[in-house]
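A.B. asks: Based on what follows, work out the 3D shape:
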Amino acid sequence: MELSPYAQGGWRLLGDPRRFPRRPFAALLRAAFRSLLDHPQAGLDDPDLKDIDPTVLKHCHAAAATCILEAGKQKADISAISTCLEDCKLDKERIEQFCTEYQKNKDALEILLGSIGRSPLHITDVSWRLEYQIKNNQLHKTYQPSYLVTLNVENSDSGSHPDVSFSCTMEQLQDLVGKLKDAAKSLERATQM
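C.D. replies: Numbering: from 1, shown residues only. Just a heads-up that it's a prediction; the model follows:
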């Protein structure tokens, strides 16, 4: 099982007992599993996490969620998870704590991942709007425009039509449009052969 460098960095932070003492570590693990399985909008509002820097907290939450999903996707066993977390410099106690929490939630995680489906989504329509952000969630002034993009999609497996929404800067949107044009040209060339 492999994690991205960003996720590995988050786990290294989680492995540091000075940054994450035992109770905040356990609270973050519970929050990560809860946000994936029970309450997608579940926040990191546990009282044990109040003393952790919000940026570090979000990074570590993303790392924990990435590891949980990767382990579930690969149906990883405890030894594979342990090896991965040992590479991120976690001690034995924290690895056992994660593995215990993973085992408790493994069945629910497999059901969740199985419900996603196997065929890719098909984009049927796109809508967008310009947003001007004055402050970010740390109350720093940003004064930057961003685009809110909504992709109307359909899934041929389930027939449902969930929307995919994201926010991006003008540069990110231009990059996306350029990549989509390149993909369309490649597809056009492939069908002409």
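A.B. asks: buried sites along stretch 76-83?
C.D. replies: Buried residues in stretch 76-83, counted by 16 or more other Cβ atoms under 10 Å: 76, 81-82. Placement of C-beta: from N, CA and C, glycine included.
A.B. asks: can I see the domain layout of this protein?
C.D. replies: 5-115, 122-192 (the TED database).
A.B. asks: Generate CSV for the ones you listed, with mean pLDDT as supplementary columns.
C.D. replies: As requested, the domains of the chain are exported to CSV (pLDDT from 0 to 100):
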stretch, mean pLDDT
domain 5-115, 87
domain 122-192, 82
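A.B. asks: which one of those domains is the most hemmed in?
C.D. replies: For the domains of the chain, the largest average neighbour count (mean count of other Cβ atoms under 10 Å) is found in domain 5-115, namely a mean of 16.
A.B. asks: what's the span of that domain, first residue to last?
C.D. replies: One end of domain 5-115 to the other measures 28 Å (Cα to Cα, to the nearest Å).
A.B. asks: pretty sure Phe166 is in contact with Ser146, am I right?
C.D. replies: No: Phe166 lies out of contact with Ser146 (Cβ atoms under 8 Å); the separation is 10.0 Å.
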